[in-house]
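Asker: A predicted structure for the sequence below; I have some questions about it.
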Amino acid sequence: MGTYVKQIEGVMKEALPSFYENDFIKACERGEILAEPLLNYIYQDNIYLDHFLPMFTKVLKSYKIETETLLQFQGDQDTEPHQMMDILAKEVTDINQVQVVKDWLPATTGYLNHLDESDKKGNFVSLSALAGCPYVYGYLAERLIEDGKMKPGNPFFEWFDFYKGTDGQVTRDLLAALDKEAEKVSEDVRQQGLTAFYQSVQFENDFFAQAMEVQDGKKR
Ligand SMILES: Cc1ncc(CN)c(N)n1
């Protein structure tokens, strides 16, 4: 494992406690199904993925990174995990009664702006920023399950287990590519990449949190 990947891992390791403190994650851990946050999360995530996936495809192509898992990751728009959450929400409520916010929420806008800005700084910074998406879910799901915070029987277990598998594998493929590319760029660009990754991790945490902050179709 190269230095860059070790630094990336260090960033995520340090951020983990703040994910464990996140109200959205805490509700999942308790197995508490909150329909409104779940449906708002799905809506915002569709907005996010519509923008994320073409950018991700562009950068992977520019680096000629084409593993099977990465190709599949680009294609599936997280339909399966969204369906899992949708089913859970329907179990606890008549979803027609839930008002989903149809605007872009702040963390969605902020995160996508950040990806755009990182893209302007070149492929390496862009790939580092984009890596936050699979990395955070893969890492978080693995830690929650390994730490015994997310156990079979919890209604969200399948959701985290899905990401442990898919995003976990994507992360491994991406890290191998990032490590190789990190050797070819200057120290300054590596630093910019690391900062961009750090910011993506913060946005991932805010992205979960914002779904808890809407009530009756309005941002609280
Ligand atoms: C915002 C966000 N980040 C990560 C993932 C998981 N690939 C996602 N679906 N949405």
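Answerer: It's in. Numbers count the residues shown, from 1 in each chain.

Asker: Now do Leu39 against Gln210, distance only.
Answerer: Using CB to CB, to the nearest Å, Leu39 is found at 13 Å from Gln210. C-beta: built from backbone N, CA, C; applies to glycine.

Asker: how about low-confidence regions in this protein?
Answerer: For the chain, applying pLDDT under 70 flags the ranges 215-220.

Asker: try it again with 90
Answerer: Applying pLDDT under 90 to the chain flags the ranges 1-2, 64-78, 94-99, 173, 214-220.

Asker: Report the central residue of it.
Answerer: Cys133 (3.5 Å; CA atoms, centre = their mean).

Asker: Hmm, it is touching Val201, no?
Answerer: No: applying CB atoms under 8 Å as the test, Cys133 and Val201 come out as separate, 10.1 Å apart.

Asker: just the strands in this protein please.
Answerer: 214-215, 218-219 (DSSP state E).

Asker: And for Glu187, the neighbour number?
Answerer: Neighbour count for Glu187, taken as other CB atoms under 10 Å: 7.

Asker: With the ligand as the reference, measure out to it.
Answerer: 28 Å (CB to the nearest ligand atom, to the nearest Å).

Asker: tell me, which helix in this protein spans the most residues?
Answerer: Assignment by DSSP state H gives helix 35-62 as the longest helix of the chain.

Asker: chain center to it, what's the gap?
Answerer: Distance of helix 35-62 from its chain centroid, counting by CA atoms, centre = their mean, to the nearest Å, is 9 Å.

Asker: again, but for stretch 157-167
Answerer: 12 Å.

Asker: Check stretch 34-49 too.
Answerer: Centroid separation for stretch 34-49 versus its chain: 13 Å, with CA atoms, centre = their mean.

Asker: Tell me which residues of that stretch come out buried.
Answerer: Within stretch 34-49, the residues that count as buried by 16 or more other CB atoms under 10 Å are 34-45, 47-49.

Asker: try stretch 118-126
Answerer: Buried, per 16+ other CB under 10 Å, within stretch 118-126: 118-119, 121, 123-126.

Asker: show me the residues around the nearest residue to His51 once chain neighbours are set aside that make contact.
Answerer: Spatial nearest neighbour of His51, chain neighbours left out: Leu112 (5.1 Å); criterion: CB to CB, 6 or more residues apart in numbering. By CB atoms under 8 Å, 6 or more residues apart in numbering, Leu112 lies in contact with 47-48, 51-52, 104.

Asker: Tell me the one among those nearest to Asp23.
Answerer: Proximity of those to Asp23 (CB to CB) peaks at Tyr48, which lies at 19.2 Å.
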